[in-house]
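Undergrad: here is a sequence with its predicted model. Questions after.
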2 protein chains.
Amino acid sequence: MPRHSVIVPGFSFSGIPAGIKKSGALDLALIFSEKPATTAGSFTTNKIKAAPVKLSMKQISAHQGQAIIINSGNANACTGNGGYKNAQGMARMTAKALGISSSLVYVSSTGVIGRPLPIEKIRKAIPHLTGKLSPFDLDKVASSIMTTDTFAKIYSKKIRIGTNTGTMAGIAKGAGMICPNMATMLCFIMTDIAITPHALTSALGDAVKESFNRISIDNDMSTNDTVMIMANGLLKNKPLSKNSPFFKAFTDGLCDLTHKLSKMIVTDGEGATKFIEITITGARTETDAEIIARSVANSMLVKTAIYGRDPNWGRIIAAVGYSGIQVIEKKIDIYLNRIKLVNKGTGTGKESIATHQLARKNISILIDLGLGRKSAKALTCDMTEKYVQINAHYTT
Amino acid sequence: MPRHSVIVPGFSFSGIPAGIKKSGALDLALIFSEKPATTAGSFTTNKIKAAPVKLSMKQISAHQGQAIIINSGNANACTGNGGYKNAQGMARMTAKALGISSSLVYVSSTGVIGRPLPIEKIRKAIPHLTGKLSPFDLDKVASSIMTTDTFAKIYSKKIRIGTNTGTMAGIAKGAGMICPNMATMLCFIMTDIAITPHALTSALGDAVKESFNRISIDNDMSTNDTVMIMANGLLKNKPLSKNSPFFKAFTDGLCDLTHKLSKMIVTDGEGATKFIEITITGARTETDAEIIARSVANSMLVKTAIYGRDPNWGRIIAAVGYSGIQVIEKKIDIYLNRIKLVNKGTGTGKESIATHQLARKNISILIDLGLGRKSAKALTCDMTEKYVQINAHYTT
C-alpha cells in the first residue's frame, strides 16, 4: 500500500535513525513547508496528555505551522515538567536549524509512556534531519513514525479546485493500542490547496469524525493521539471558505483520505488477520447507530469469534443489547457477508454457510435494528493470540 | 476451593447430565426448598434478555420461590416466542414433578445464544433430577452450571442471629465472558435465616454492587446474568427487617459471600494466570473511583502487560486518563504490589523491582488520585493467548 515519491508542492520530508529506538530503525522525522501553512489539528481527549500534545494544543489556536518534528520510540508522556521542556526544546532546536520561528514548529511523539525523552540524541540528530530534507521522502517520514505497525501508511490524491488540481497526501501510524483499547494514532496531512483556517478546521473535524473516531471509542484514546493538516496554499487558488463552491470537494477528498488511512490502520491492527466493517442501519438516530456500531466493534467476544471463523451471532446481538441503546429484540436482523443469520431476533440456521464466508479476509457485519432510518459504520479487526503476545512484551 | 457437603437446612439439591452438552457432562440442576422461601434476584441490564431471565423478572416481584432449575449448554436467548414457551415449560414440568405451583419455580440458563433449547431432553430428565434431590449435593449443582469454568465455585458461612446460628451458602459460575466484555454470571444463594422480602432485596442489592458489579462494566453484561437468593426461614428467627439489630450481620455475611464468589470467578477467568485487584483512593467521589477502577480493570493493555510481567505503568495511567473522570496528572501516585512506580505523575524508576513482583499470582494495583477521600476497588484477571483460543472456538 505505500506509494513512493508522493510529492506535495512546497513540502519536503526527511526521516533518520536517531538512536531513540534500540533497534536502530528510523525514529525521527521532519515535515517542512517552504512557506508557513494554514494548520489545523485534532488531539486526544485523554485527561492525561503527552507533553508534545500539550504544546501543540497551545500552538494550534494560531492556525499557522511550517514544520512538524516527530519521534517514535518514546511518547514523552508522564514525564513531568522536564518532558514539557524537552518538547519545547525539540521545537526550538528544529526552528533554529530551519531558520524559522519556533511557534511554527509542532512536535509529536509516540512510543513508551513515562520514560525521559533522550533529548541529547535528538539534539545531535536534528542537523542531519534538516540536512536531508527532500520532496521525495514522504515514505521515510511514514516509516519513521511506525511503532508496531507492519507497513508504512501513505495515501495521496488529486482534488480539482476549479481549473486547478491540488494535491493532498497523508501518512499515519496506528497498529498499537487500536483495538479495543486505544488508538495511539498519528496522522499528518499535507496539501497545496489554499483554505481559510476556519474552513480547514471544519473539514478536518468532519473527516476525523467519520474515520479515525470510528475505529476507537472516544474515551479509549491514548495520551498522544494527533491528527494535523497543513495547507500551504502553493496552488494559489482563492483560499477556500465554507461557502466556496469547492469546499465540498476539499472536504470529500479529505474524508476519503482519512477513511483510507484509518482502513489501513485497522488492516494493520496488532496481530490482526481480518478486517471487519460493522454497519448499523434502521436506527432511530445516528448517535444510536454509532454507539451500537462501536459496542460491537469493541466486543472481545465478537472479535475472537471472527478470528475463530465462528458465526456466533449471539455475541453480536449481546453486544447490541449491552450498548445501552434501547432496541427491540424482535426487530433485529443480522447479516454476515450478506448471509442473513438473524431474522427478527431469532436464528435462521445458516451458520454453516456463514462459516465459509468467515474464511475471507474482509468481513462485513450488517445489523438492521428496524427502528428508524439512521445508520453508522465502525471498522475493526479480529482478536488473536498474536495481539496478546505483542502487548505482553512491549516495553521489555 | 469447592467445599463438599455444605448443608443448608431445608434445602436439597441435584445435578445430572441431561444430554444438553455434547460432552455428556452435568448440565441440569435443581435447587429445592422444603417450604416456600422469601426470594430476591438481580438480573442482567442487557436490553437483549434470555427467555428465562424475562420469566424470572416477572416472577420475582412476588418475592416467593421454592425451586430453581438451571441448565448449562444452552442460553435460551434470542430464541423467540418458542424460547419463552420453553422456559415456561421447564418451570411447569418441574413444578409438576415437585407437586408445587409453577409460580414458585425459577428457571435459569447459560450457554450458547440463539440455539433452540432441547426441551425434550429436559422433559425426559426432570423425573431423574427431582428423584435425586439430596441435602448433600450442592456441589453437583455447582458443577452442573459450569461452562468454561475450570472449577466449581461454592462458598458457605455461618451467621449469628442472636442466640441462633444461621447458614448461608452460595454457588456461582463465571469464567466465560467475564473480562473484559461480559460476565455471564450465575449465582444462587440459599439461607435458612428468616428475613423480610424488602430487607432481603436491599441486602442483595448492596452485596451485588460491591462484588459482582465490580468484576464487569454495567453495560457489558450478558443476556443471562442472574443472582438469586432464597431465604426459607427454617432457623425460625424473627424475620429480619432493615431495622433489625441483626440485619447488618446478615448483609455483611452476604457481602462477604458474594465477594468470595466473585473473587473465585475472577481467579477462574478464561485463560487467566493472575488475579488483579485494583484500588483507587483519593477520589472526589465513590462513583469517580468506581469508574476509574473499572477503566483500568478493563484495559486490554494493562491486562496483557501484567500477563507479560511488564510493569508498564504508562498503560495504567493512560487508562485512568481515558476513563472520562477529571484527574490531575501531577497528583497521581501508582503502586504495584506496594512498589511505588509513579510519584506525582512521573516514574520513580523502580520498574525492575516491580518486575519481580509480577512473577506472583496475586497482583495489587493502587492508584492514589490525590484529589479527595473516596475509594473503590475492582477485580480482574490478566489477558492471555489462552483467552483468545477459548473464545475463538466456543460454539463450534
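TA: That came in fine, so what should we check first? Numbering: from 1, shown residues only, chains lettered A, B, ... in the order given.

Undergrad: now the closest residue to A:Leu204 other than its chain neighbours: which helix or strand?
TA: Nearest in space to A:Leu204, with sequence neighbours left out and distances taken as C-beta to C-beta, 6 or more residues apart in numbering or on different chains, is A:Ala40 at 4.6 Å. Any C-beta I mention is one placed from the backbone N, CA and C, and that applies to glycine too. For A:Ala40, the element it lies in under DSSP states H and E is strand A:28-43.

Undergrad: now for the residue nearest to A:Leu204: which residues touch it?
TA: A:Ile60, A:His63, A:Pro197, A:Leu200, A:Thr201, A:Ala203, A:Leu204, A:Met228, A:Ile229 (C-beta atoms under 8 Å, 6 or more residues apart in numbering or on different chains).

Undergrad: do you know how far the first one is from chain B?
TA: Separation of A:Ile60 from chain B (C-beta to the nearest C-beta, to the nearest Å) stands at 20 Å.

Undergrad: surely that residue touches A:Gly41?
TA: Yes - counting by C-beta atoms under 8 Å, A:Gly41 is a contact partner of A:Ile60 at 4.6 Å.

Undergrad: quick one, which of these two is more surrounded?
TA: A count of neighbours by other C-beta atoms under 10 Å in any protein chain shown puts A:Gly41 above the other of A:Ile60 and A:Gly41, at 25 against 19.

Undergrad: just checking, the more buried one touches A:Met228?
TA: Yes - with contacts counted by C-beta under 8 Å, A:Gly41 reaches A:Met228, the gap being 4.4 Å.

Undergrad: who touches both of these two?
TA: A:Ser56, A:Tyr106.

Undergrad: what is the neighbour count of A:Gly80?
TA: With other C-beta under 10 Å as criterion, A:Gly80 counts 18.

Undergrad: ok, it to chain B distance?
TA: Taken as C-beta to the nearest C-beta, the span from A:Gly80 to chain B is 4 Å.

Undergrad: can you check A:Met57 too?
TA: When A:Met57 is compared with chain B (using C-beta to the nearest C-beta), they lie 14 Å apart.

Undergrad: swap in A:Gly282?
TA: Taken as C-beta to the nearest C-beta, the span from A:Gly282 to chain B is 15 Å.

Undergrad: just the element for that residue, please.
TA: Going by DSSP H and E, A:Gly282 is part of strand A:275-283.

Undergrad: same check on A:Ser109?
TA: strand A:105-110.

Undergrad: what's next to that strand, contact-wise?
TA: Counting by C-beta under 8 Å, 6+ apart, A:39, A:41, A:50-53, A:55-56, A:59, A:65-72, A:74-77, A:87, A:90-92, A:94-95, A:98, A:117, A:145, A:147, A:173, A:184, A:186, A:188, A:224, A:226, A:228 sit against strand A:105-110.

Undergrad: what residues sit buried inside stretch A:37-49?
TA: Across stretch A:37-49, burial judged by 16 or more other C-beta atoms under 10 Å in any protein chain shown covers A:Ala37, A:Thr38, A:Thr39, A:Ala40, A:Gly41, A:Ser42, A:Phe43, A:Thr44, A:Asn46, A:Lys47, A:Ile48, A:Lys49.

Undergrad: quick check: mean pLDDT across stretch A:13-28?
TA: Stretch A:13-28 shows a mean pLDDT of 96.

Undergrad: just stretch A:143-158 next, same as before
TA: Per-residue scores along stretch A:143-158 average to 92.

Undergrad: does it reach chain B?
TA: No - using C-beta under 8 Å from any C-beta of the partner chain, stretch A:143-158 never reaches chain B; the gap is at least 12.0 Å.

Undergrad: now do the end-to-end distance for that stretch.
TA: 23 Å (C-alpha to C-alpha, to the nearest Å).

Undergrad: ok, back up a step: and the contacts of A:Ala40, which is closest to B:Lys124?
TA: A:Leu204 (65.0 Å; C-beta to C-beta).

Undergrad: tell me the secondary structure for the closest one?
TA: Secondary structure, DSSP: H, G, I helix; E, B strand; the rest coil: A:Leu204 is helix.

Undergrad: who are the neighbours in contact with it?
TA: A:Leu204 touches A:Ala40, A:Gly41, A:Ser42, A:Val227, A:Ile229, A:Leu254, counting by C-beta under 8 Å, 6+ apart.

Undergrad: and if you look at A:Arg115?
TA: A:Asn74, A:Thr79, B:Gly347.

Undergrad: in helices, which of those appear?
TA: Among those, no member is found in helices (DSSP state H).

Undergrad: who touches stretch A:349-366?
TA: A:273-279, A:281, A:296, A:302, A:306, A:309-311, A:313, A:316, A:334-341, A:382, B:396.

Undergrad: please redo it, this time with the cut-off set to 6 Å
TA: A:274-279, A:306, A:309, A:311, A:335-337, A:339, A:341 (C-beta atoms under 6 Å, 6 or more residues apart in numbering or on different chains).

Undergrad: could you do stretch A:119-127 as well?
TA: By C-beta under 6 Å, 6+ apart, stretch A:119-127 touches A:Ala18, A:Gly19, A:Leu28, A:Asn86, A:Gly89, A:Met93, A:Thr94, A:Ala97.

Undergrad: quick one: the strands in the stretch 201-350 of chain A, in order.
TA: Secondary structure of the stretch 201-350 of chain A, counting by DSSP state E, counting those that start in this stretch: strands at A:226-231, A:275-283, A:333-336, A:339-343, A:346-347.

Undergrad: leaving out the residues flanking it, which one is nearest to A:Ala293?
TA: A:Ala378 (3.7 Å).

Undergrad: pull out the buried members of the contacts of strand A:105-110.
TA: A:39, A:41, A:50-53, A:55-56, A:59, A:65-72, A:74-77, A:87, A:90-91, A:94-95, A:98, A:117, A:145, A:147, A:173, A:184, A:186, A:188, A:224, A:226, A:228.

Undergrad: so for the residue in the stretch 251-396 of chain A that chain B sits nearest to, what's the pLDDT?
TA: Of all residues in the stretch 251-396 of chain A, A:Gly314 sits closest to chain B, at 2.3 Å by C-beta to the nearest C-beta. Listed pLDDT for A:Gly314 reads 88.

Undergrad: run a quick neighbour tally on it.
TA: 27.

Undergrad: and the stretch 251-396 of chain A, which of its residues are near chain B?
TA: A:299-301, A:304, A:307-308, A:310, A:312, A:314, A:317-318, A:321-322, A:324, A:327, A:329, A:345-347, A:385, A:388, A:391-393, A:395-396 (C-beta under 6 Å from any C-beta of the partner chain).

Undergrad: show me which of those residues are buried.
TA: Here, 16+ other C-beta under 10 Å leaves A:299-301, A:304, A:307-308, A:310, A:312, A:314, A:317-318, A:321-322, A:324, A:327, A:329, A:345-347, A:385, A:388, A:391-392, A:395 buried among these.

Undergrad: returning to that earlier point: in JSON lines: the contacts of stretch A:119-127, plus secondary structure and distance to A:Glu286.
TA: Shown next, in JSON lines, are the contacts of stretch A:119-127 (DSSP: H, G, I helix; E, B strand; the rest coil; distance: C-beta to C-beta, whole Å):
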{"residue": "A:Ala18", "secondary structure": "coil", "distance to A:Glu286": "44"}
{"residue": "A:Gly19", "secondary structure": "coil", "distance to A:Glu286": "47"}
{"residue": "A:Leu28", "secondary structure": "strand", "distance to A:Glu286": "41"}
{"residue": "A:Asn86", "secondary structure": "helix", "distance to A:Glu286": "42"}
{"residue": "A:Gly89", "secondary structure": "helix", "distance to A:Glu286": "44"}
{"residue": "A:Met93", "secondary structure": "helix", "distance to A:Glu286": "45"}
{"residue": "A:Thr94", "secondary structure": "helix", "distance to A:Glu286": "41"}
{"residue": "A:Ala97", "secondary structure": "helix", "distance to A:Glu286": "47"}
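
Undergrad: with distance to A:Val266 added, can I get those residues in TSV?
TA: Listed next are the contacts of stretch A:119-127 as TSV, based on distance: C-beta to C-beta, whole Å:
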residue	distance to A:Val266
A:Ala18	29
A:Gly19	31
A:Leu28	27
A:Asn86	32
A:Gly89	35
A:Met93	35
A:Thr94	32
A:Ala97	36
